[in-house]
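Generate coordinates for the sequence data below:
(one chain, ligands or ions: 1)
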Amino acid sequence: MSLHGRDVVSIRDLSRDEITGLLDSARKMVPLAEGRRASPLLDGKIVAMAFFEPSTRTRLSFESAVQRLGGSCLTIADAGATSLRKGESLYDTIRMLSSYADAIVLRHPNEGAARLAARASDRPVINAGDGAGQHPTQTLLDLATIRERFGTLAGLKVVLLGDLKYGRTVHSLAFALAEFGSELILSSPEALRLPEEHRDELRRQGAKVRDQPDLAKAVREADVLYVTRIQKERFADESEYREVAGSYRIDGRTLADAKPQLIVMHPLPRAGEIAPEVDATRHAAYFRQAFLAVPVRMALLNAILGRPGRGG
Ligand code: NCD
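Below you'll find the predicted structure:
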């Protein structure tokens with residue numbers, strides 16, 4: 001596998017073998033991510049964090065990953081503090097950043113921004129979320145969480161719950177899970193259904209996919225319940241948001257008939273979709289998922305930037 005110097009804009013940029021290799025390497029990175037061992041794999045490398053949309057986990061876990069591997073970060077955490085405010089184009093900002101850093105991690109509100117940035121940059125660009133488009137590194141850590149629990153990514157029944165229209169995490173994850181042979185069960189308010197373009201693609205992939213708007217039924221058959229936040233910031237009209245706000249919530253009662261091995265995942269932040277009482281149950285996997293962000297991003301950065309031949 002060689003990801004050296006490559007952009008990761010969409011999960012489709014990675015083959016199944018590359019994904020499997022990254023998950024294997026991420027497993028070896030766990031002691032480094034926990035700070036139990038040090039490693040200089042990114043010694044002397046500078047990674048730019050260009051975040052033009054709010055982020056907590058994604059940016060901080062990327063920064064933690066870089067620093068635990070001995071590299072350093074240049075961070076834009078507030079678009080208002082950059083020359084974009086003066087009218088500079090994203091193209092120019094990225095082009096300039098690519099002469100200051102060895103790789104760029106970009107989050108941006110516009111779908112397609114990461115593809116544009118990859119063209120502007122002569123250094124690798126990693127998409128950390130582009131509008132309602134893609135969030136490939138979230139998918140890698142979601143897959144790592146599922147594989148850690150079940151030992152496989154094939155043959156599982158995965159319920160994708162919530163905002164399947166605007167949620168970039170599910171747009172990336174659905175494709176990957178289908179590639180690995182899991183079954184997708186889509187459960188969303190009617191107004192937030194998975195868009196046709198994604199359904200078409202899943203059909204072309206030969207994915208096993210169906211709708212189950214009845215949450216109780218969906219939960220009963222699930223191995224994985226992947227809950228998402230309604231992406232309020234993507235609605236053109238606030239009243240449309242109010243119509244769907246609060247339309248689903250996972251709590252002890254919802255999980256009463258779940259399979260014992262069910263795991264509940266969420267990319268976080270949660271905004272009321274999972275009751276805090278679920279945290280103490282054996283089903284809760286979302287905090288483990290948030291931790292796995294660090295070793296997974298370490299593995300990816302090392303594959304893209306590390307010296308070829310040096311694994312985790
Ligand atoms: C997600 C995102 O930004 O798409 N968060 C994350 O990266 N962990 C999900 C969300 O904001 O709802």
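
Find the nearest non-adjacent residue to residue 273, please.
residue 227 (5.1 Å; CB to CB, 6 or more residues apart in numbering). From N, CA and C alone the C-beta is placed, and that goes for glycine too.

The one you found: neighbour count?
Burial of residue 227, expressed as a neighbour count using other CB atoms under 10 Å, amounts to 22.

which residues does it contact?
Residues counted as contacts of residue 227 (CB atoms under 8 Å, 6 or more residues apart in numbering) are 161-162, 250, 264-266, 270, 273-274.

Go through the residues you listed and flag which are in helices.
With helices defined by DSSP state H, no entry of the contacts of residue 227 lies inside them.

Now tabulate the residues you listed in CSV and tack on neighbour count, distance to the ligand and pLDDT.
Formatted as CSV, the contacts of residue 227 follow (neighbours: other CB atoms under 10 Å; distance: CB to the nearest ligand atom, whole Å; pLDDT from 0 to 100):
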residue, neighbour count, distance to the ligand, pLDDT
161, 26, 12, 98
162, 26, 9, 98
250, 24, 15, 98
264, 26, 15, 99
265, 28, 11, 99
266, 25, 8, 98
270, 16, 8, 98
273, 20, 10, 98
274, 25, 12, 98
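
Tell me the one of these nearest residue 83?
Distance to residue 83, by CB to CB, is smallest for residue 270 among those, at 34.4 Å.

right, and that closest one touches residue 248 too?
No: between residue 270 and residue 248 there is no contact under CB atoms under 8 Å: 11.9 Å.

who in the stretch 1-150 of the chain is up against the ligand?
Contact residues (CB under 6 Å from any ligand atom) of the stretch 1-150 of the chain with the ligand: 57-58, 129, 135, 138.

Where neighbours are concerned, which of those has the most?
Within those, most neighbours by other CB under 10 Å means residue 129, with 28 neighbours.

my guess is it meets residue 111, correct?
No: judged on CB under 8 Å, residue 129 makes no contact with residue 111 at a distance of 10.0 Å.

From the contacts of residue 227, pick the one nearest residue 182.
Among the contacts of residue 227, residue 265 lies closest to residue 182 (CB to CB), at 12.9 Å.

Now do that closest one against residue 190, distance only.
According to CB to CB, to the nearest Å, residue 265 and residue 190 sit 23 Å apart.

What does whatever residue of the stretch 101-250 of the chain ends up closest to the ligand show for phi and psi?
Nearest to the ligand, among the residues of the stretch 101-250 of the chain, is residue 229, at 3.8 Å (CB to the nearest ligand atom). Here is the backbone geometry of residue 229 (degrees, to the nearest 10): phi -80, psi 140.

Can you verify my assumption that it contacts residue 286?
No: counting by CB under 8 Å, residue 229 does not reach residue 286; the two are 11.6 Å apart.

quick one: common contacting residues for those two?
266, 270.

Please name the residues that touch residue 278.
250-252, 255, 264, 284.

Kindly recompute the last result at 6 Å.
When the contact criterion is CB atoms under 6 Å, 6 or more residues apart in numbering, the partners of residue 278 are residue 284.

Check residue 45 too.
Applying CB under 6 Å, 6+ apart to residue 45 gives the contacts 71, 102, 305.

Got a quick ChimeraX command for the buried subset of those residues?
Those of those that count as buried under 16 or more other CB atoms under 10 Å are selected in ChimeraX with:
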select :71,102,305
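
hang on, the earlier thing: can you give me the distance of the residue of the stretch 101-250 of the chain closest to the ligand to residue 264?
Distance, residue 229 to residue 264, by CB to CB: 14 Å.

Do you know the pLDDT at the residue of the stretch 101-250 of the chain closest to the ligand?
We have a pLDDT of 98 for residue 229.

Please apply the same query to residue 223.
Residue 223 is given a pLDDT of 98.

Nearest residue to it in space, please, no chain neighbours.
Of all residues not flanking residue 223 in the chain, residue 156 sits nearest, at 4.4 Å (CB to CB, 6+ apart).

Now do the helices in this structure.
For the chain, helices defined by DSSP H occupy the ranges 16-33, 57-68, 90-97, 113-120, 136-150, 168-180, 196-205, 215-221, 238-244, 286-305.

Can you lay out the ones you listed as TSV showing distance to residue 5?
As requested, the helices of the chain are exported to TSV (distance: least, CB to CB, whole Å):
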stretch	distance to residue 5
helix 16-33	14
helix 57-68	17
helix 90-97	16
helix 113-120	12
helix 136-150	17
helix 168-180	22
helix 196-205	27
helix 215-221	42
helix 238-244	41
helix 286-305	7
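
so which of those comes closest to residue 8?
Going by CB to CB, the one of the helices of the chain nearest residue 8 is helix 136-150, 5.4 Å.

residues making contact with that closest one?
Outside helix 136-150, the residues that touch it by CB under 6 Å, 6+ apart are 8, 10-11, 23, 26, 127, 153, 169, 172-173, 176, 224, 263, 267, 285, 289, 292-293, 296.
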